[in-house]
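Asks: Requesting a structural model of the entry that follows:
(2 chains)
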Amino acid sequence: MANGKNINKTMNGAQLLIKLLELQGVDTIAGIPGGANLPMYDALYESSINHILVRHEQAAGFFAQGVARTTGKVGVCFATSGPGATNALTAIADAKLDSIPIVAIMGQVSYSLVGTDAFQEVDTYGLTLPITKHNFLIRNIKELIKVIPEAFRIALSGRPGPVVVDVPKDVQLQTIEVTDLPEEIKIISEKIEDPQTINRIKEAAEMINNSKKPVLYIGGGVINAEASNHLAELAIKSNIPVTCTLMGLGAFPPENPLYIGMVGMHGARYTNLLMHEADLIIALGVRFDDRATGKIEKFCPNASIIHFDIDNAEINKIKDTDIHVVGGLKEILEKMIPSITNNARKEWLEELDSLKNKYPFIMPSKSDILHPLNIIKEIGNILSEDDIVATDVGQHQMWSAQGYPVKKPRTFLTSGGLGTMGFGLPTAIGAALANPDKTVVCISGDGSILMNIQEFATLADLNLNLKVIILNNGHLGLVRQQQELFYNKRFIASKFATNSDFAAIANGFGVKGIKIENAENALEIIRKHIKEPGACVIDVPVSPQENVLPIVPPGKANYEMIGGEE
Amino acid sequence: MDNNSYCVIEITVKNHPGVMSHITGLFARRAFNLEGILCGKIGDSEDSRIYLLVDNDERLDQIIKQLQKLYDVMEVLICKTCKPSVFSQISEIVKNSDCEI
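Replies: Numbering: from 1, shown residues only, chains lettered A, B, ... in the order given. Below you'll find the model as predicted:
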């Protein structure tokens, strides 16, 4: 054990836990106290750690995600036993699917009562087992000293993910003589030295050099690996078009002519069509998710596949590869780029241009001021490239992915894998607190915002530089759209019978609320309030008839997309 | 029992009360078939050995990779010398227990 700190002190489990978190560099924890974690809160009383009292444990988990997604560091949340733990589950599962490093520390009933159906007892260990990278139930105070730094190491290392530590109340109250404590975990990426691996990287370079129609298919793994600069170097050196998944947005600058937008279900026509023509797919930090690939048997049928990923289990899981390397993307690309030859790829880029001209992404008319895509484009004009956008889940999310120019990694926060409505607001709050110098905009819908609307109260507490834009169509828009397109317009349970007044609700929570009544001056009002420091909620009426297009119908191949044509 | 249609995976794990849930939970949530389990401590150590009887099909590679990712799993091997038929004889092997309630 590294001597992070010599203290020679008698501490209880809760004090020890807080001390260990301080030593891991934790400065903020979101959570809610309750019976089984009160000793931890009592120990927090004497700590330098800033505690954010949210209004629902799910929001504590998403707050931690907001910290983790924007900084790459571990986000930490607290919840009590029973309902506290079950409330947090959705945010933990969300972090698992998007590979986000968070550590959730739960209070549990005393270990002597575990298994007796005690008050507020739930099997947190069993519940979190399938939705975490790993989980721990602490049975003895001594385990804390090893487990807490280990939880941080697990969350951050390799493919990141959430870790749950369940701490029974009697363990929090046990005492221990502590002499020295472990220091902050530092993750050191493994160098690639194995000659076989180096050979395969060279073969991959060779394959890229010899290919006529390569496409770089980029996922969140590139952002987690902080390999965007290496990606840009590779793409530019060999003139390879780049497409991103939803989680990969921001890994490559959208203004670069090689950028062909988001792939898959709501990708532009030319993007999916170009991929269909590819003779080589270079898949970096992706998992061939069905929303990105469409019907997998028909995904890039003429292409060989190179797959680089940190997670061995993703290799050959969905799509068989021709060459794969498991490891850190930065290290792999560093080794590969010197073997890549400069290549103009004139013909391939001409094909790209011609497809792009023939099947471009169709923007709505500028006169349709309140079309969500026009509003989102305007938000893109107002914000700087370092500012942060968090989305909720639904049509507004897909329009944001299509229309918001994500210029840098870690500036676009969205629930990609789990697709959790309610993600946006608490994640944006965590992001705003962790990035006080940036403007944070949460783009939400009237369906999603209601799923964590209680967090307006937390926003009022903190008065962060955070603007919530609610694109309000009075519907569960993505559901309505599916019913229109794929269920014979049999609309059920997708229209809200009443429409809430979100500006009044925000005001009621103590946050400035603005309701846009009509298109006149709408963009100016949005601009003015985004530019003003502080928190506000802007309710924008949008048409319920708009659909996110193009769309690949469920079960179809990407080239079989419908809509989105001139 | 047809020995070729099955495969025995031999894994070494850190022995603690939650480890079996991690293994069986993985098989359930990834929709892998698990036909049989044998498990026991290795001598006086903190480790256990688990033998899993699984279908010998195209998912085997993915099962092994997912098992390798589990924190408590230290080693995963295909047991070439293991006889799948052992699993169908378990009830015979354990019949002489003298435990009474």
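
Asks: Next, residue A:546: secondary structure please.
Replies: Put simply, residue A:546 is coil when judged by DSSP: H, G, I helix; E, B strand; the rest coil.

Asks: list the contacts for it?
Replies: Contact partners of residue A:546, counting by Cβ atoms under 8 Å, 6 or more residues apart in numbering or on different chains, are A:371, A:372, A:395, A:473, A:477. Every residue, glycine included, has its C-beta placed from N, CA and C.

Asks: Next up, phi/psi of it, please.
Replies: Dihedral pair for residue A:546: phi -70, psi 140, per degrees, to the nearest 10.

Asks: So what's the predicted local confidence for it?
Replies: With respect to pLDDT, residue A:546 has a value of 97.

Asks: Ok, residue B:84 next?
Replies: Listed pLDDT for residue B:84 reads 87.

Asks: what's around it, how many residues?
Replies: Neighbour count of residue B:84, defined by other Cβ atoms under 10 Å in any protein chain shown: 21.

Asks: Residue A:153 too?
Replies: A total of 16 residues lie near residue A:153 under the criterion other Cβ under 10 Å.

Asks: Also residue A:269?
Replies: Look at residue A:269: counted by other Cβ under 10 Å, it has 22 neighbours.

Asks: Next: residue A:10.
Replies: 11.

Asks: Over to residue A:347?
Replies: For residue A:347, the neighbour count with other Cβ under 10 Å is 10.

Asks: now the strands for chain B?
Replies: Along chain B, counting by DSSP state E, strands occupy B:6-14, B:36-41, B:47-55, B:73-78.

Asks: Please apply the same query to the stretch 51-200 of chain A.
Replies: A:75-79, A:102-108, A:134-137, A:163-168, A:175-181 (DSSP state E, counting those that start in this stretch).

Asks: Turn those into JSON lines, columns for distance to chain B.
Replies: Shown next, in JSON lines, are the strands of the stretch 51-200 of chain A (distance: least, Cβ to the nearest Cβ, whole Å):
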{"stretch": "strand A:75-79", "distance to chain B": "19"}
{"stretch": "strand A:102-108", "distance to chain B": "13"}
{"stretch": "strand A:134-137", "distance to chain B": "4"}
{"stretch": "strand A:163-168", "distance to chain B": "9"}
{"stretch": "strand A:175-181", "distance to chain B": "20"}
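
Asks: Residue B:23 against residue B:69, yeah?
Replies: No. Applying Cβ atoms under 8 Å as the test, residue B:23 and residue B:69 come out as separate, 11.9 Å apart.

Asks: ok, the two, which is more surrounded?
Replies: residue B:23 (21 against 16).

Asks: now the more buried one, nearest residue through space, not along the chain?
Replies: With Cβ to Cβ, 6 or more residues apart in numbering or on different chains as the measure, residue B:50 is the residue that lies nearest to residue B:23, at 6.5 Å, once sequence neighbours are left out.

Asks: Kindly state the beta-bridge partners for that neighbour.
Replies: residue B:11, residue B:39 (DSSP bridges).

Asks: give the contact list for it.
Replies: Applying Cβ under 8 Å, 6+ apart, the residues contacting residue B:50 are B:10, B:11, B:12, B:13, B:20, B:23, B:37, B:38, B:39.

Asks: same check, this time on residue A:213
Replies: A:277, A:278, A:279, A:280, A:303, A:348, A:351.

Asks: Check the spacing between it and chain B real quick.
Replies: Distance from residue A:213 to chain B, counting by Cβ to the nearest Cβ, to the nearest Å: 29 Å.

Asks: Against residue A:337, how distant is that residue?
Replies: 20 Å (Cβ to Cβ, to the nearest Å).

Asks: so what's the spatially closest residue to residue B:5 that is not a sequence neighbour scoring on pLDDT?
Replies: Take residue B:5 and drop its neighbours on the chain: the residue closest to it by Cβ to Cβ, 6+ apart is residue B:56, 5.8 Å away. Note on residue B:56: pLDDT of 92.

Asks: for residue A:218, same thing?
Replies: pLDDT at residue A:218 comes out at 98.

Asks: Can you report how many residues neighbour it?
Replies: Applying other Cβ under 10 Å, we find 30 residues neighbouring residue A:218.

Asks: For it, which residues count as its bridge partners?
Replies: Residue A:218 forms beta bridges with residue A:244, residue A:284, as assigned by DSSP bridges.

Asks: re the thing from before, and the residue nearest to residue B:5, how far is that from chain A?
Replies: Distance from residue B:56 to chain A, counting by Cβ to the nearest Cβ: 17 Å.

Asks: My guess is that residue contacts residue B:7. True?
Replies: Yes. The pair residue B:56 / residue B:7 is scored as a contact, 4.1 Å apart, by Cβ under 8 Å.

Asks: more crowded one of these two?
Replies: residue B:7 (21 against 16).

Asks: For the more buried one, list the residues it contacts.
Replies: Neighbours of residue B:7 in contact, by Cβ under 8 Å, 6+ apart: B:53, B:54, B:55, B:56, B:60, B:78, B:84.

Asks: Tell me, how many residues neighbour residue A:73?
Replies: Neighbours of residue A:73 (other Cβ under 10 Å): 17.

Asks: What residues of stretch A:550-566 count as buried?
Replies: For stretch A:550-566, the neighbour count (16 or more other Cβ atoms under 10 Å in any protein chain shown) marks A:550, A:551, A:552, A:557, A:558, A:559, A:561, A:564 as buried.

Asks: Low-confidence regions, chain A specifically.
Replies: Low-confidence segments of chain A (pLDDT under 70): A:1-5.

Asks: Identify the structural domains in it and state their residue ranges.
Replies: Here the domain assignment for chain A is A:9-178, A:195-358, A:372-554, based on automatic domain parsing.

Asks: Phi, psi for residue A:261 please.
Replies: phi 90, psi -170.

Asks: Tell me the buried residues in stretch A:53-72?
Replies: By 16+ other Cβ under 10 Å, the buried positions in stretch A:53-72 come out as A:54-70, A:72.

Asks: For it, what is the distance to the chain centroid?
Replies: Counting by Cα atoms, centre = their mean, to the nearest Å, stretch A:53-72 is centred 11 Å from the centre of its parent chain.

Asks: Same question for stretch B:75-92.
Replies: When C-alpha coordinates are averaged (Cα atoms, centre = their mean), stretch B:75-92 and its chain have centres 8 Å apart.

Asks: ok, the residue nearest the centre of chain B to residue B:67 distance?
Replies: In chain B, the centroid-proximal residue (Cα atoms, centre = their mean) is residue B:52; its distance is 2.4 Å. Plainly put, residue B:52 is 8 Å away from residue B:67 if you go by Cβ to Cβ.

Asks: which non-adjacent residue is nearest residue A:312?
Replies: residue A:326 (4.6 Å).

Asks: Confirm residue A:417 sits in a helix?
Replies: No. Under three-state DSSP, residue A:417 falls outside any helix and is assigned coil.

Asks: What values do phi and psi take at it?
Replies: Here is the backbone geometry of residue A:417 (degrees, to the nearest 10): phi -80, psi -50.

Asks: Not including adjacent chain positions, what is the nearest residue to it?
Replies: Of all residues not flanking residue A:417 in the chain, residue A:97 sits nearest, at 2.7 Å (Cβ to Cβ, 6+ apart).
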